[in-house]
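Participant: Here is the input, now give the coordinates:
(2 chains)
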Amino acid sequence: MSTIYILCVEDEPEVLDVVVRDLAALEDVFPIEMAVSAEEARQIIKEIEENGDKIGLAICDHVMPGDKGVELMIEMQNEPFTERTRKVLLTGQAGLDATIEAVNHARLNRYIAKPWDPENLMKVAIDELTTYVIEAEKNLLPFMSSLDARRLQEAIRARGSISDY
Amino acid sequence: MAGDESRMRLLKNSRERVKGQIPPLEFGSAGRRLDKEAFVKAIKELLPGSELLSRHHQVYEEGEVILRENQENRRLFVILTGYVKQLKKHDDFEIAIDLQGPGDFMGLLSFTTGQPVFTTARASGRVEVLRVGQSSLDKIQDSYPEISKVIQGLIFYNLSERYRRVVTLHMEIAQLSRELEKERNTLRNTITELEQTRNLLINQEKMATLGELTAGLAHEINNPASALLRSVDYLTRVLPEMAEQAGALPDTGMVRTFLEAGLNREVQSTDDQRNKMREIQKKYPHLNRSTVRDMAELNTEMLAKIDSFAQNSDKPRSLRLLLDSHQAGVFLGSIKLSTGRIGHLVKSLKSYSRDSRAEPEVADIRLGIQETLMIIGNRLRDIEVSVNLPEIPMVRCYVGELNQVWTNIVINACDAMDDTGRLYINCGTSANDMVWVTIADSGPGVPDNLKAKIFDSSFTTKTAGGEFGLGIGLAITRSIIQKHSGTISVRDRMGGGAEFIIHLPVYKKI
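Facilitator: Sure thing, here's the model as predicted:
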């Protein structure tokens, strides 16, 4: 089974550190990759794709040097490899325009304002990853202990089969 | 030109108002009406056949002087055709007093009283006159009794016309000064209104700058504040655990070593960290990823120290404790960094927004420039800022106001470059006891035809509904610089973009 990654993009190392730490409990199932710029994020996405793995969740800051977070997300939405990746904007400063653009063109799934509540970030991550695995994974059982078990069970029941669509 | 126009308008207004108050001159009784036209016609009819009259018939061409001011005159002039300008010398130029036409008399006063000529008479176009001395006048009156009476009447008419003209002029002057006074009051009110509007605009612009600064500050403070909050959260959770488990270690001094290593950790790139994580995972395949991530934060020395604990999967608690100690140190360092950043920011802000109503102070303007760059730092994230500020003499100034100048120009540059590019800030001393500051950007520059206009308050490139400000920042900037007896100008930067040059006088001890 291929690995499902969480990708965090944030230009300030201390903030990036905190995001990763807040999500550390998920890491045994969903390894976290960190990038400080959109350019680095692209490199990581490429590597994950080449290894035959997947990205289930991307958490991205908007205001960064170089390409902005929203630009990266739109790019990911247009790539078949990352189209299904759940996209969360984590930012203190995206203007209304950037947010609208993200919702309309990047199918932004969530917007979290800085400073965030760690429990809320965790809840959002679990929610989004649950949605991702329901949409993209055949076998949902391995995620029962780390994700939203109730929704996973419902999905399994709806499918009528444990390991098949 | 505009002044001339408004003066002409005033004159016309007052003249028309006066006209209504004085009825036109009627002279002579019915049937015996004195008519200048008839008189001229009669003389013209007599002329060809009269040797006496022809002798006094005289023609002047355009511009020719008929009578000159202050000279003696012993003859009376009657205009038969054409017009004559009456001019009076005033200082260095001539003022047109009146225009006389057919049937009018000239030289009347000097002729009858013997005083010097009062006004110069100059032909306006071709002019025909009858020019007679006293004896000739007597002869004519004797020879042509039918016109003699008319002449006397006309002379009297002419004099009274002049008197009326004096009265009219007085009234015109009175009317004119009334109009002028009114105009002056209107102007005064307009100026007051304009000043109020200007102050209002300046205030709005200040609020806009404040908005920009607040947005920037919110961002600048938000990040360290988030880091602070999270660090404290982590320490609150981890410290009690650490205290409980410290006894599990063979050497409790290690906790301190790892804590200190964490505190002094050098930030590594995410790329390096990724590679390090791969190596560690390879070396210790039994460790889970979050442990590997924590270990990747350690330097080589600490990695060596922790090796035995990592190898030995029987001692996950000791490994955890050491990694937590290191991480606690990292968070302590982050707390130090964050509080330092917030403290620095607040300090800059305090000094940036110094009360501008206070007395000017003798200051090093470079500090203000650096504080400004710090405060609007979030606008400069994608901009490569090259600051070269060698020591310069002190300037007597309002620091807060000059900070507004730096802010306006730098934000302007950011706008022009769409927040991506290069910014160059330099300073120095020029020969004439001035210090200079240049702020240049790599934006599109200012077109030549706009260079002179951008400091006008009526000029803006910002369209309605722009993000911040009215776009009159540069006008305010110039007024602040002028208040400091300085100058500001803009030119093209070598290699593209705009360069603003500010000169301020060096402070001299008295």
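Participant: Quick one: classify B:R17 as helix, strand or coil.
Facilitator: Classification of B:R17 using DSSP: H, G, I helix; E, B strand; the rest coil returns helix.
Participant: Give me the neighbour count for the residue nearest to A:A106 when sequence neighbours are not counted.
Facilitator: Among residues not flanking A:A106 along the chain, A:M73 sits closest, at 3.6 Å (Cβ to Cβ, 6 or more residues apart in numbering or on different chains). For the C-beta atoms, the positions are set from N, CA and C on the backbone; glycine is no exception. By other Cβ atoms under 10 Å in any protein chain shown, 27 other residues sit near A:M73.
Participant: Show me where chain B dips below the pLDDT cut-off.
Facilitator: Where chain B drops to pLDDT under 70, the residues are B:1-4, B:6-8, B:10-11, B:14-15, B:18-34, B:354-358, B:457-472.
Participant: nope, chain A is what I was after
Facilitator: For chain A (pLDDT under 70), the answer is A:93-95, A:161-165.
Participant: Next up, the contacts around the residue of it found nearest chain B.
Facilitator: Residue nearest to chain B within chain A: A:P115 (3.8 Å; Cβ to the nearest Cβ). By Cβ atoms under 8 Å, 6 or more residues apart in numbering or on different chains, A:P115 lies in contact with A:G92, B:N222, B:A225, B:S226, B:L229.
Participant: likewise B:N288?
Facilitator: A:E27, A:D28.
Participant: Try it again at 7 Å.
Facilitator: A:D28 (Cβ atoms under 7 Å, 6 or more residues apart in numbering or on different chains).
Participant: now swap in B:Q141 and tell me
Facilitator: B:S148, B:I151.
Participant: Now name the helix or strand holding the residue of chain A closest to chain B.
Facilitator: Under the criterion DSSP states H and E, no helix or strand holds A:P115.
Participant: Would it be right to say that B:G125 lies in a helix?
Facilitator: No. Per three-state DSSP, B:G125 lies outside any helix segment and is strand.
Participant: returning to that earlier point: among the contacts of A:P115, who's most crowded?
Facilitator: A:G92 (22 neighbours).
Participant: For the chain, just list every one of the strands.
Facilitator: Just so you know, I chose chain A. A:4-9, A:32-35, A:54-60, A:86-91, A:110-113 (DSSP state E).
Participant: please go with chain B instead
Facilitator: Under DSSP E, chain B gives strands at B:57-60, B:65-67, B:75-90, B:93-100, B:105-106, B:120-133, B:361-363, B:383-388, B:395-397, B:421-430, B:434-441, B:487-492, B:498-505.
Participant: Could you list the residues in contact with the fifth one?
Facilitator: What it means is strand B:105-106. By Cβ under 7 Å, 6+ apart, strand B:105-106 touches B:I66, B:L67, B:L76, B:F77, B:V78, B:I79, B:V84, B:Q100, B:A121, B:L154, B:I155, B:N158.
Participant: hmm, try it at 6 Å
Facilitator: If you take Cβ atoms under 6 Å, 6 or more residues apart in numbering or on different chains as the criterion, strand B:105-106 is touched by B:F77, B:V78, B:A121, B:N158.
Participant: In those residues, find the pair that's most separated.
Facilitator: Greatest spacing in the contacts of strand B:105-106, by Cβ to Cβ: B:A121 and B:N158 (13.8 Å).
Participant: For those two, indicate the residue with more neighbours.
Facilitator: B:A121 (26 against 18).
Participant: can I get the strands of chain A in CSV with distance to chain B and mean neighbour count?
Facilitator: Formatted as CSV, those follow (distance: least, Cβ to the nearest Cβ, whole Å; neighbours: other Cβ atoms under 10 Å in any protein chain shown):
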stretch, distance to chain B, mean neighbour count
strand A:4-9, 9, 24
strand A:32-35, 5, 23
strand A:54-60, 14, 26
strand A:86-91, 10, 24
strand A:110-113, 9, 15
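Participant: closest to B:I376 out of the ones you listed?
Facilitator: Closest among these, using Cβ to Cβ: strand A:86-91, at 19.1 Å.
Participant: what angle separates that closest one from strand A:4-9?
Facilitator: Calculated by axes from the mean of the first three to the mean of the last three Cα atoms, to 10 degrees, strand A:86-91 forms an angle of 20 degrees with strand A:4-9.
Participant: Among the contacts of A:P115, which lie within helices?
Facilitator: B:N222, B:A225, B:S226, B:L229 (DSSP state H).
Participant: same for chain A: which of those are within range?
Facilitator: Near chain A, judged by Cβ under 6 Å from any Cβ of the partner chain, the entries from these are B:N222, B:S226.
Participant: The residue in the stretch 351-500 of chain B positioned nearest to chain A: how many residues sit nearby?
Facilitator: Residue of the stretch 351-500 of chain B nearest chain A, by Cβ to the nearest Cβ: B:D382 (5.0 Å). Neighbour count for B:D382, taken as other Cβ under 10 Å: 16.
Participant: which of the strands of chain B is buried the deepest?
Facilitator: Mean neighbour count, computed with mean count of other Cβ atoms under 10 Å in any protein chain shown, is highest for strand B:105-106 among those, reaching a mean of 24.
Participant: What's the separation between the residue nearest to B:L109 when sequence neighbours are not counted and B:D271?
Facilitator: Distance criterion Cβ to Cβ, 6+ apart; nearest residue to B:L109, sequence neighbours excluded, is B:F118 at 6.0 Å. Look at B:F118 and B:D271: by Cβ to Cβ, to the nearest Å, they are 101 Å apart.
Participant: same check, this time on B:P316
Facilitator: 29 Å.
Participant: And for B:E51?
Facilitator: Counting by Cβ to Cβ - B:E51 and B:D271 are separated by 124 Å.
Participant: Helices along chain A, start to end?
Facilitator: Assigned by DSSP H, chain A shows helices spanning A:13-22, A:38-50, A:69-78, A:96-105, A:118-136, A:149-159.
Participant: same thing with chain B?
Facilitator: Listed in chain order, the helices of chain B (DSSP H) span B:2-19, B:36-46, B:51-55, B:108-113, B:134-143, B:145-245, B:253-263, B:270-283, B:289-296, B:300-311, B:316-352, B:365-375, B:399-416, B:473-483.
Participant: Compare the ones you listed and report which one is nearest to A:L7.
Facilitator: It is, among these and with distance given as Cβ to Cβ, helix B:270-283, at 11.3 Å.
Participant: Give me the contacts around that closest one.
Facilitator: With contacts defined as Cβ under 6 Å, 6+ apart, helix B:270-283 is touched by A:M34, A:A35, A:V36, B:V292, B:M295, B:A296.
Participant: The spatially closest residue to the second one that is not a sequence neighbour: how many residues sit nearby?
Facilitator: The shortest distance from A:A35 to any non-neighbouring residue, by Cβ to Cβ, 6+ apart, is to A:A41 (4.0 Å). The burial count assigned to A:A41 is 26, neighbours taken as other Cβ under 10 Å.
Participant: need the contact list for A:A41.
Facilitator: A:A41 neighbours (Cβ under 6 Å, 6+ apart): A:V9, A:A35, A:L72.
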